[in-house]
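Colleague: here are the coordinates; sequence isn't available:
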């Protein structure tokens, strides 16, 4: 919640962005490659919780969304939150 303004609507759910960022790091992709994989690889969409072949069911977004999200994380009070949550999930598994 602290990463987004209360004004306007967000076009891409933060959970989708965070999942794409984790997959991006695991696969060693650039921002452009990561958003293309999300757009064209059903496995990435399923991992993000929006798996479907129906294009209207999931938002396609620009690579600049990842740049913006990382900057928001960097400026936030908890910049390592994605790592910490991923680590907790790994420990639980």
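Modeller: Ah, there it is. Since we're looking at a predicted model, the values are computed, not measured. Residues are numbered from 1 along each chain as shown.

Colleague: so what's residue 69 up against?
Modeller: Neighbouring residues of residue 69 by CB atoms under 8 Å, 6 or more residues apart in numbering: 3, 14, 17, 18, 21. Where you see a C-beta, it was placed from the backbone N, CA and C, and this is true even at glycine.

Colleague: Could you dump these into JSON lines and include secondary structure, pLDDT and distance to residue 76?
Modeller: Rendered in JSON lines, the data for the contacts of residue 69 read as follows (DSSP: H, G, I helix; E, B strand; the rest coil; pLDDT from 0 to 100; distance: CB to CB, whole Å):
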{"residue": "3", "secondary structure": "coil", "pLDDT": "69", "distance to residue 76": "6"}
{"residue": "14", "secondary structure": "helix", "pLDDT": "83", "distance to residue 76": "12"}
{"residue": "17", "secondary structure": "helix", "pLDDT": "90", "distance to residue 76": "14"}
{"residue": "18", "secondary structure": "helix", "pLDDT": "87", "distance to residue 76": "13"}
{"residue": "21", "secondary structure": "helix", "pLDDT": "92", "distance to residue 76": "14"}
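
Colleague: so which of these would you say is closest to residue 74?
Modeller: Checking the contacts of residue 69 against residue 74 by CB to CB gives residue 3 as the nearest, at 10.5 Å.

Colleague: Tell me how many other residues crowd residue 17.
Modeller: Residue 17 is surrounded by 24 other residues when neighbours are defined as other CB atoms under 10 Å.

Colleague: so it touches residue 63, yeah?
Modeller: No - here residue 17 does not reach residue 63: they are 11.3 Å apart, not a contact under CB atoms under 8 Å.
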